[in-house]
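Chemist: what shape does this take:
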Amino acid sequence: MLAKPTHHIVPPKFPSSINLPPLVSLKVPSLQAKTTPKTIPNAISINPTSTNHVSTLDDTLVDDSVCAFWDYQFLFVSQRSETTKPITLHVVDGSIPHDFPSGTYYLAGPGLFSDDHGSTVHPLDGHGYLRAFTFDGVDREVKFMAKYVKTQAQVEEHDPTTDTWQFTHRGPFSVLKGGHKVGNTKVMKNVANTSVVRWGERVLCLWEGGEPYEIQSGTLDTVGRFDLIDGDDSAVDGGKNSGDIWDVAAGLLKPILYGVFKMPPKRLLSHYKVDASMNRLITTSCNAEDMLLPRSSFTFYEYDSNFELMNKQEFNIPDHLMIHDWAFTDTHYILFANRIKLDVVGSMAAVCGISPMISALSVNPSKPTSPMYLLPRFPDKSGKARDWRVPVEAPSQFWLLHVGNAFEIKDVNGNSEIKIQAATCSYQWFNFQKVFGYNWQSDKLDPSIMNVNEGEHELLPRLVQVSIQLDADGNCQKCGVEPLINKWKRSTDFPVINPAFSGNKNKYIYAATSSGSRQTLPHFPFDTVVKLNVLNQSVHTWSVGHRRFIGEPIFIPKGDEEDDGYLLVVEYAVSIQRCNLVILDPKRMGEDDALIARLEVPKHLNFPLGFHGFWATDK
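Modeler: Residues are numbered from 1 along each chain as shown. As a prediction, the model looks like this:
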């Protein structure tokens, strides 16, 4: 192991805004003595058609601001250890099913937040730490591996001989407290920490603003950067420019962004899509300078299993917007125009290194509607179609976080209806400079930022269904937004479905949510997996229990029925500083026996909160 045992025990130096005791005094006996335990019910009634099951665990039922603060910090504890060989996980509850398929669950996310010279970075700027859980369907064993993605920034900032770190890149969401700060042009810190995919014979770790890194599937060793967009340099040439004032502005920005700040001309987004029916991997990129201009250029790429480029479409949109996730159907790419605006004062401070680069931008809630761009996926086959430059306006304002599924239904007359199931939040709740509650000025992680006061639940992430009705010529006849489940009001994100039903009408959707049982952390971090039936509006949940949290769930198909399979989710037992891999039965959600197995990651390999994962079956 490459480890210094103490480095992953103490959280990053994020002091609380309240008067906290030192961490060493935060022990269960002392908390029991000073705090009145709160009893957590075994079952929580949501509505007449919903059921909830809470895992019965022995964690101390403490619910005060001190405990909540430290529990939140332990979700973002740096882990410097890496595995040198696979480690067989111990099953602590249940057993691995005989019919569980052989394959690997890859989980991407950050692993390091503090260096050895006084600098702390935002979780989104933490170096990518890839975790892999490999299932052997014959021996019914699960082996665990975890290694850092050896990006260019990671190699520069880590000394493997001494196992010490010194941050030299600011990162888009961070500033440096130690080392070179003012005038530091190392901004685009590709940390390959956001998502992971195994496509064909390649495993790729993606980030929001640069090339993905290829990883060896067996060892998790880093192969190197992988040019997924095939050397596309259209952004360097300016693409299809009209010669207007913004082309002139782009021409002035490019030498600065590309040359001084070393930003890639095309910024590959971390969210990809898999079209199972056509066996294609779909990715998209945008131009770096578009973040500072009132226009956006997006290019979509579709690859077969050999990474042969099968389709490429470029769109120049006259709108200032930011995209994290997006959707596709058989005929369209769908972009949700999260509106942003340039902060001139913030941009000057960001260029100088006084504030994070992200402080140059802010959300723009000036309009009450949410534009959506329906971009033709195969324009040569579309025939007569509406002008895609004109967005469809949803009659409500929301910021799109993640898409669960999208599909299109056509009738005999050529009319169609597009439905998108997604997690959205309000512009009031979303804040570039406070994502995960991180305050770059004080180096604090404040969990209260991610939670709201009573009566403000509509601001939080929630699941919605967007419906767009188009006539035979592609003209929008009606657009509506409604809750995915009418009675489901809880903070919810990371929607997923059975991947075999992607792009088709689905009955079930799964997501991470909160049980609401903890007064000090009522909405985030999530502690519950929810199964939503969009047809009969029923809800079934499973919760990990007190002082335990979860990340994104993932569905592993087994049979032909939509909910025939397994759910995987990582459980972060912060009270005992352990990570567990949990296997759930989707068909038994809400019942006492929904938990099939819990596997324990060795304590010295306890890891911070992961972002997005991918299941790759061996066959």
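Chemist: residues in contact with Lys419?
Modeler: 406-409, 465-468, 505 (CB atoms under 8 Å, 6 or more residues apart in numbering). Where C-beta positions appear, they are placed from N, C-alpha and C, glycine not excepted.
Chemist: give me the buried entries from the residues you listed.
Modeler: 406-408, 465-466, 468 (16 or more other CB atoms under 10 Å).
Chemist: what about the helices in the stretch 151-300 of the chain?
Modeler: With helices called from DSSP state H, counting those that start in this stretch, the stretch 151-300 of the chain shows them at 152-157, 234-237, 245-254.
Chemist: if we can go back for a sec, in strands only, show me the buried ones among the contacts of Lys419.
Modeler: 406-408, 465-466, 468 (DSSP state E).
Chemist: JSON lines for the residues you listed, including pLDDT and distance to Ser359?
Modeler: Converted to JSON lines, these look like this (pLDDT from 0 to 100; distance: CB to CB, whole Å):
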{"residue": "Ala406", "pLDDT": "98", "distance to Ser359": "33"}
{"residue": "Phe407", "pLDDT": "97", "distance to Ser359": "38"}
{"residue": "Glu408", "pLDDT": "96", "distance to Ser359": "39"}
{"residue": "Gln465", "pLDDT": "97", "distance to Ser359": "34"}
{"residue": "Val466", "pLDDT": "98", "distance to Ser359": "31"}
{"residue": "Ile468", "pLDDT": "98", "distance to Ser359": "35"}
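Chemist: any chance of TSV for those, columns distance to Val175?
Modeler: Shown next, in TSV, are these (distance: CB to CB, whole Å):
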residue	distance to Val175
Ala406	38
Phe407	43
Glu408	45
Gln465	40
Val466	37
Ile468	41
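Chemist: pick out whichever of these sits closest to Asp380.
Modeler: When those are compared for distance to Asp380 (CB to CB), Glu408 wins out at 18.2 Å.
Chemist: who are the contact partners of the nearest residue to the closest one once chain neighbours are set aside?
Modeler: In space, and not counting its chain neighbours, Glu408 is closest to Thr329: 4.1 Å by CB to CB, 6 or more residues apart in numbering. Contacts for Thr329 were tallied using CB under 8 Å, 6+ apart; they are 377, 406-408, 418, 503.
Chemist: also Leu595?
Modeler: Leu595 neighbours (CB under 8 Å, 6+ apart): 55, 93-94, 542, 582-584.
Chemist: cool, and Gln166?
Modeler: 115-117, 119, 157, 159, 178-179.
Chemist: could you tell me the phi and psi values at the residue lying farthest from the centre of the chain?
Modeler: Each residue of the chain has a distance to the centre, and by CA atoms, centre = their mean the biggest one is for Asn413: 39.0 Å. Main-chain torsions, Asn413, degrees, to the nearest 10: phi -90, psi 0.
Chemist: Leu470 is in contact with that one, correct?
Modeler: No - look at Asn413 against Leu470 with CB atoms under 8 Å: they stay out of range, at 11.5 Å.
Chemist: give me the common contacts of these two.
Modeler: With CB under 8 Å, 6+ apart, Asn413 and Leu470 have no common neighbours.
Chemist: could I get the contacting residues of Thr299?
Modeler: Contact analysis of Thr299 by CB under 8 Å, 6+ apart lists 229, 232, 234, 266, 284-286, 312-315.
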